[in-house]
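>>> how would this look folded up:
(one chain, ligands or ions: 2)
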Amino acid sequence: MSAHSGGHDPALAIDEHRARIEAALPRLAPVELPLERCRGLVLAAPVRARVPVPAFTNSAMDGFAVRAADLVSGADGVVDLPVAGDVPAGDSRANVLAPGTAWRIMTGAPLPMGADTVVRVERTDHGPGIAIPPSRVRILNPVAAGADVRCRGEAIDEGALVLPEGARLGAGALAAVAAAGVGSLLVRRRPRIVVVATGSELVAPGEPLGPGRIPDSNGPMLAALVEESGAEVVARLTVRDDPAALLRLLASAPEADLILTAGGISQGAYEVVRLAIGGHGDFHHVAQQPGGPQGIGVLPLGPSRLPVPALCLPGNPVSVFVSFHVYVAGALEAMAGLRPDASGATAPLLVPGVAAAAWSSPARKTQFVPARAVAADEGALEVAPVHVLGSGSHLATALASASHLALVPEDIDRVASGDLLDLIPVLRNAPSAPATRRREAP
Ligand SMILES: Nc1nc2c(c(=O)[nH]1)N[C@H]1C(S)=C(S)[C@@H](COP(=O)(O)OP(=O)(O)OC[C@H]3O[C@@H](n4cnc5c(N)ncnc54)[C@H](O)[C@@H]3O)O[C@H]1N2
Ligand code: MOO
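Ligands and ions are numbered 1, 2, ... in the order given. Model (predicted):
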């Protein structure tokens, strides 16, 4: 519809807006990095073991390496063996155990050839930690054949898969690849994001408010959401409703993969983001509330004014919060390599819930209501809006207690208590299974 005739073009479907975002997303090239720089990054290729784990058969305990066949006790129930020598951890000799003898051995030390069992020092006539290896050992209790031996390759064989492509590298994953003899990894670096809050009415949080001024809550929120998604905020900008000022600010910003803006995209006279993007943008209304106005564009960034994709969110704080969870979180994960390169793969992951209250929803729009879920007795999540004004897009203060966004489909205009709903867990705030310090024995 033309600007003169007023009104809107028909609203876009949520999936269509998502498809347009996916088409605009930059792909980050994989880079090879040493392990110490990989924490939190995502694997760009599968990792296979360079060595078997364990790399050699070794002792699980401090004690004596023996042959099970020699553990035949005398009438007193005791086995008495001569000790051939000592095997400390890191011993590189090719030690051989002759039948009828023992070697003293430390945890992690290679088992002498011919040995198949370890007897812990506590089961012998020796105390722990004696500096000089004894010449004989008496084994006082019966020991099962193969006890306390860790066999070469029993955790994983050489060449076996340690981690698939797309795995996020937490502490456990880094331990696994290090143990498998891998010192550097092909990873995708964290997407670098410039966050821009727009509006001539904004003052920094905590600053005195002049007439018509409000604190900037989108800036801190978006920066936190980006970081919680695993991406990196390289610049956090605030700009008045002046397209030239926005372009100047972006020209002095660092390089980034994506620009996220909030505000300045709807139908007003001073829509700073819309005006700065000019004819290169795709601005439309999506059939959802809040978060109806949405934009996708390109903005020049850095001194070289490289064109960088921009996702342009509407300015109302709850609209920003909803738009981030519905579109941006999945998009950042796709850029980081955490989602498959497939249509619709950036959609938010949903969990089922049950309405614990009744509320209304706008006709022909998907509603996303900031809500709080509590786990009921049977484990179902019972969910209710966090504010009596429901999905009002200005209710920034209600976001503090939201654990989920409750999704009400377009064809429903009234939610009744007991209705089944899909929920989007809110980053960081969603409750997990109740934690206990100690589990009672069943
Ligand atoms: N005639 C129409 N007006 C509006 C429409 C429409 O379809 N026709 N859509 C409404 C909807 S829905 C939304 S959402 C907003 C989106 O507008 P903008 O993206 O242009 O956002 P602004 O006008 O800049 O701001 C909207 C609102 O949010 C406050 N705001 C902005 N930035 C921040 C910030 N950093 N921290 C806190 N609050 C912020 C701002 O003061 C406004 O109150 O448009 C509706 N209008
Ligand atoms: O769609 Mo707007 O985001 O409701 O306030």
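>>> Need the residue in the protein that's farthest from the chain's center.
Within the chain, the residue lying farthest from the chain centre (C-alpha atoms, centre = their mean) is Ala75, at 61.6 Å.
>>> Tell me how many other residues crowd Glu16.
As a burial measure, Glu16 scores 13 neighbours (other C-beta atoms under 10 Å). (Each C-beta comes from the backbone N, C-alpha and C, glycine too.)
>>> Do any residues in the helix or strand containing it lie close to ligand 2?
Applying DSSP states H and E as the criterion places Glu16 in helix 14-24. No: using C-beta under 6 Å from any ligand atom, helix 14-24 never reaches ligand 2; the gap is at least 12.4 Å.
>>> what comes up buried for that helix?
By neighbour count on 16 or more other C-beta atoms under 10 Å, the buried set for helix 14-24 is 14, 17-18, 21-22, 24.
>>> Is it possible to get CSV of these that adds pLDDT?
Shown next, in CSV, are the buried residues of helix 14-24 (pLDDT from 0 to 100):
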residue, pLDDT
Ile14, 98
His17, 98
Arg18, 98
Ile21, 98
Glu22, 98
Ala24, 97
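>>> Out of these, which is nearest to Ala231?
Ala231 has its nearest neighbour among the buried residues of helix 14-24 in Ile21, at 14.8 Å by C-beta to C-beta.
>>> isn't the closest one right next to Tyr327, touching?
Yes: using C-beta atoms under 8 Å, Ile21 makes contact with Tyr327 at a distance of 5.6 Å.
>>> Find the residues that touch each one of the two.
The contact sets of Ile21 and Tyr327 overlap at 311, 346 (C-beta atoms under 8 Å, 6 or more residues apart in numbering).
>>> got any ranges where the stretch 51-200 of the chain has weak pLDDT?
Applying pLDDT under 70 to the stretch 51-200 of the chain picks out no residues at all.
>>> Residues of the stretch 151-300 of the chain that sit close to ligand 1?
So the stretch 151-300 of the chain meets ligand 1 at 197-199, 201-202, 214, 216-219, 262-268, 271, 290, 292-293 (C-beta under 6 Å from any ligand atom).
>>> and ligand 2, which of these contact it?
Checking these against ligand 2 (C-beta under 6 Å from any ligand atom), the matches are 290, 292.
>>> tell me which residues in stretch 341-350 are buried?
For stretch 341-350, using 16+ other C-beta under 10 Å, the buried residues are 346-348.
>>> Between the two ends of it, how far is it?
19 Å (C-alpha to C-alpha, to the nearest Å).
>>> ends of stretch 322-336, how far apart?
Distance between the two ends of stretch 322-336: 21 Å, counting by C-alpha to C-alpha.
>>> what ranges do the strands span in the stretch 51-200 of the chain?
Secondary structure of the stretch 51-200 of the chain by DSSP state E, counting those that start in this stretch: the strands cover 58-59, 63-66, 79-87, 102-105, 117-120, 136-139, 149-150, 161-163, 184-188, 192-198.
>>> Identify all contacting residues around the fifth one.
Here strand 117-120 makes contact (C-beta under 8 Å, 6+ apart) with 59-68, 71, 102, 105, 111, 137, 139, 143-149.
>>> hang on, Arg189 packs against Val31?
Yes: using C-beta under 8 Å, Arg189 is in contact with Val31, at 5.9 Å.
>>> Can you give me the pLDDT of the residue in the stretch 251-400 of the chain positioned nearest to ligand 1?
Going by C-beta to the nearest ligand atom, ligand 1 is nearest to Gly315 of the stretch 251-400 of the chain, at 2.5 Å. According to the prediction, Gly315 has pLDDT 96.
>>> Okay, now the sheet partners of the helix or strand containing Gln367, with direction.
For Gln367, the element it lies in under DSSP H and E is strand 366-375. If you go by DSSP bridges, strand 366-375 pairs up with strand 288-289 (parallel), strand 381-385 (antiparallel), strand 404-408 (antiparallel).
>>> hey, what's Arg414 bridged with?
With DSSP bridges as the rule, Arg414 is bridged to Ser360.
>>> OK, contacts around it?
Counting by C-beta under 8 Å, 6+ apart, Arg414 has contacts 358-361.
>>> Which ChimeraX command selects the buried ones in those?
In ChimeraX, this line selects whichever of those come out buried by 16+ other C-beta under 10 Å:
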select :359,361
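>>> will you turn the contacts of Arg414 into a markdown table that also has distance to Glu154?
Listed next are these as a markdown table, based on distance: C-beta to C-beta, whole Å:
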| residue | distance to Glu154 |
| --- | --- |
| Ala358 | 58 |
| Trp359 | 57 |
| Ser360 | 61 |
| Ser361 | 57 |
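>>> can you tell me which two in the buried residues of helix 14-24 are farthest apart?
Among those, the pair separated by the greatest distance (C-beta to C-beta) is Ile14 and Ala24, at 16.0 Å.
>>> what does the stretch 101-250 of the chain put close to ligand 2?
So far as C-beta under 6 Å from any ligand atom goes, the stretch 101-250 of the chain does not lie against ligand 2 anywhere.
>>> Now the stretch 101-250 of the chain against ligand 2: closest residue?
For the stretch 101-250 of the chain, C-beta to the nearest ligand atom, closest residue to ligand 2: Asn218, 12.0 Å.
>>> Can you verify my assumption that that residue contacts Val318?
No: using C-beta under 8 Å, Asn218 is not in contact with Val318, being 10.3 Å away.
>>> Now the terminal residues of stretch 42-57, how far apart.
Stretch 42-57 has an end-to-end distance of 32 Å (criterion: C-alpha to C-alpha).
>>> which parts of it are buried?
For stretch 42-57, the neighbour count (16+ other C-beta under 10 Å) marks 42-44, 47-49, 51-55, 57 as buried.
>>> and the residues you listed as CSV, adding distance to Pro303?
Shown next, in CSV, are those (distance: C-beta to C-beta, whole Å):
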residue, distance to Pro303
Val42, 30
Leu43, 33
Ala44, 29
Val47, 38
Arg48, 42
Ala49, 45
Val51, 47
Pro52, 51
Val53, 49
Pro54, 53
Ala55, 51
Thr57, 60
